[in-house]
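Participant: using only what follows, build the 3D model:
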Amino acid sequence: FIIDMILRASVYAYSSYEHGRTITVTDKSQIRQRYLSSGKFKIDLLAVVPFDLIAAGTNSYHSLFRLSKLIRVSQIPQAVSNLQNHLDACLHIKTNETQRSVLLMLLYSLLLVVWSSAGWNALRQGESGVISVYWAITTLSTVGYGD
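Facilitator: Residues are numbered from 1 along each chain as shown. Model prediction:
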């Protein structure tokens, strides 16, 4: 997360609409100023604070302290929206609405499998990641026992 914060504050250019034109801002000080004043910075800062290590140092460790990292999940809808808006430019191909919808469905499905397998892996300590992914895909793609 820290490396991502550094990159967002110094490297990630953004587009701005000024004087009737869209320009790409690449000046590091403007990128840093925009990131530090954004809501993304506050979310990233909260996710970077090592609450679990602080709690472990005070002998009051609980696994719930690691949940602060999940606050970054709130940034996913904005990332998907940006992907939808800039998909043609990112892939350098023209896509229609159906193709965009299929791609987004696959991305959401992949995200759901990753979260489900991570949850399964957290509940069953010592189990391999492959088994967790298998469990997630099987659970999400079947209807159950039928009773």
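Participant: what's the neighbour count on Q33?
Facilitator: Here the count is done by other CB atoms under 10 Å, and Q33 has 12 residues near it. From N, CA and C alone the C-beta is placed, and that goes for glycine too.
Participant: and what of S117?
Facilitator: Neighbourhood size, S117 [other CB under 10 Å]: 21.
Participant: show me what the mean pLDDT comes to for the longest helix anywhere in the chain.
Facilitator: With secondary structure taken from DSSP state H, the chain has its longest helix at helix 97-123. Averaging pLDDT along helix 97-123 yields 84.
Participant: what angle sits between the helix or strand that comes right after it and helix 97-123?
Facilitator: Towards the C-terminus, the helix or strand next in line after helix 97-123, according to DSSP states H and E, is helix 129-141. Relative orientation of helix 129-141 and helix 97-123, computed by axes from the mean of the first three to the mean of the last three CA atoms, to 10 degrees: 120 degrees.
Participant: elements contacting helix 129-141?
Facilitator: Packed against helix 129-141 by the contact rule (3 or more CB pairs under 8 Å, 6 or more residues apart in numbering; DSSP states H and E) you find helix 97-123.
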